[in-house]
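*Asks:* Predicted model follows, preceded by the sequence.
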Amino acid sequence: MIKIHLSRLLGERRWTQADLARKTGIRPSTIGDYYHELAERINLDHLDLICKTLNCTVSDVLEYVPTPKRNRN
């Protein structure tokens with residue numbers, strides 16, 4: 001699974017979702033989807049804008065967390 005750490009990054013900077021939307025030009029609803037980890041896809045241009053605006057790296061925004069294997073009995 002991929003975790004999106006946008007809520008943590010914005011909280012550390014005391015920015016709102018609206019602040020980020022304004023500074024990046026990304027629609028507020030899209031920022032909201034990323035913030036609440038509801039997005040099934042992330043636009044690479046958006047990721048680039050977010051990283052530039054927050055002065056961070058992709059690995060600060062996204063994290064791969066292995067999905068636990070299920071027992072199939």
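*Replies:* Thanks, I have the structure now.
*Asks:* Which single helix of the protein contains the most residues?
*Replies:* helix 44-54 (DSSP state H).
*Asks:* Please point out which parts of it sit buried.
*Replies:* For helix 44-54, a neighbour-count test (16 or more other Cβ atoms under 10 Å) marks 46, 49-51, 53-54 as buried. For the C-beta atoms, the positions are set from N, CA and C on the backbone; glycine is no exception.
*Asks:* For whichever helix or strand comes after it, buried residues please.
*Replies:* Counting by DSSP states H and E, the next helix or strand C-terminal to helix 44-54 is helix 58-61. By neighbour count on 16+ other Cβ under 10 Å, the buried set for helix 58-61 is Val61.
*Asks:* With stretch 12-30 instead?
*Replies:* So stretch 12-30, judged by 16+ other Cβ under 10 Å, has buried residues 17, 20-21, 24, 26, 30.
*Asks:* And for stretch 32-39?
*Replies:* 33-35, 39.
*Asks:* circling back to that earlier point, will you turn the buried residues of helix 44-54 into JSON lines that also has distance to Leu9 and pLDDT?
*Replies:* Converted to JSON lines, the buried residues of helix 44-54 look like this (distance: Cβ to Cβ, whole Å; pLDDT from 0 to 100):
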{"residue": "His46", "distance to Leu9": "14", "pLDDT": "98"}
{"residue": "Leu49", "distance to Leu9": "13", "pLDDT": "98"}
{"residue": "Ile50", "distance to Leu9": "8", "pLDDT": "98"}
{"residue": "Cys51", "distance to Leu9": "10", "pLDDT": "98"}
{"residue": "Thr53", "distance to Leu9": "10", "pLDDT": "98"}
{"residue": "Leu54", "distance to Leu9": "6", "pLDDT": "98"}
